[in-house]
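Participant: sequence first, predicted coordinates after that:
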Amino acid sequence: MATRKTTPKAAVAANATVPQAQQLAKLVHAVRHEKVLIDTDLAQLYGVETGALNRAVKRNASRFPADFMFQLSTQEWDDLRCQIGISSAHGGRRALPYVFTEQGVAMLSSVLNSPHAVQVNIAIMRTFVQLRRLMDSNRDLARRIDALEARYDEQFSNVFDAIKQLITDDKQRKAKPRIGFLD
């Protein structure tokens, strides 16, 4: 019986596991006020080469409008490299990377049509939902803190008013002339 040879990339894709939400959350970056994933990270998650992912996207360009995917500017890429700790631009990619928003990642499932890609997309979508919930809870917490500050500011202003009153009363007492013999 003949055995079929598999290339290392095919073996990686076949044995690849679906990443956990904590691992995926580390790959999400903020660019242009959007939460995005970089094409190289997505390609690694899907078990394909970055060039193959970008070619598949370009073949289906009508599915990826500017709010689904965009190419980083030189300044954005430099800032992001510093943020994620890529030390040098030498020996790496020739072109600026593409980044995908949540909708762009969802659209990738229709372009990359493998069972592993579908599972990775599901995990990524769940991660985006968790991040959105976390941001919403942070906004709620910020609102609660603002309400507490307003309430306690009012209470503390009463305390500060009382302290100011005591201070002015003390100054008025010192300002009164002494009665009696002066030394």
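Facilitator: The structure has been received and is ready for your questions.
Participant: hey, let's count contacts and neighbours off CA atoms from now on
Facilitator: Noted.
Participant: partner strands of the top strand by length along the chain, parallel or antiparallel?
Facilitator: Longest among the strand segments of the chain by residue count, using DSSP state E, is strand 34-38. Note on strand 34-38: by DSSP bridges, its sheet partners are strand 29-31 (antiparallel), strand 98-100 (antiparallel).
Participant: can you tell me which of those strands is most buried?
Facilitator: strand 98-100 (a mean of 22; mean count of other C-alpha atoms under 10 Å).
Participant: that one: how far from the chain's middle?
Facilitator: Remark: strand 98-100 is offset 14 Å from the chain centroid, using C-alpha atoms, centre = their mean, to the nearest Å.
Participant: can you name the next helix or strand after it?
Facilitator: Per DSSP states H and E, the first helix or strand lying C-terminal to strand 98-100 is helix 102-111.
Participant: now that following helix and strand 34-38, what's the angle there?
Facilitator: On the basis of axes from the mean of the first three to the mean of the last three C-alpha atoms, to 10 degrees, helix 102-111 is oriented at 40 degrees to strand 34-38.
Participant: now helix 102-111: mean pLDDT?
Facilitator: For helix 102-111, mean pLDDT is 84.
Participant: can you name every helix or strand that that helix contacts?
Facilitator: Contact partners of helix 102-111 among helices and strands, from 3 or more C-alpha pairs under 8 Å, 6 or more residues apart in numbering; DSSP states H and E: helix 50-59, helix 115-175.
Participant: in TSV, list those along with mean neighbour count.
Facilitator: What follows is the helices and strands packed on helix 102-111, written out as TSV (neighbours: other C-alpha atoms under 10 Å):
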stretch	mean neighbour count
helix 50-59	15
helix 115-175	14
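Participant: by mean pLDDT, show me the worst of those.
Facilitator: helix 115-175 (a mean of 74).
Participant: burial measure for the residue nearest to Met107 when sequence neighbours are not counted, as a count.
Facilitator: Among residues not flanking Met107 along the chain, Arg63 sits closest, at 7.0 Å (C-alpha to C-alpha, 6 or more residues apart in numbering). By other C-alpha atoms under 10 Å, 16 other residues sit near Arg63.
Participant: how about the longest strand of the chain: buried residues?
Facilitator: For strand 34-38, a neighbour-count test (16 or more other C-alpha atoms under 10 Å) marks 35-38 as buried.
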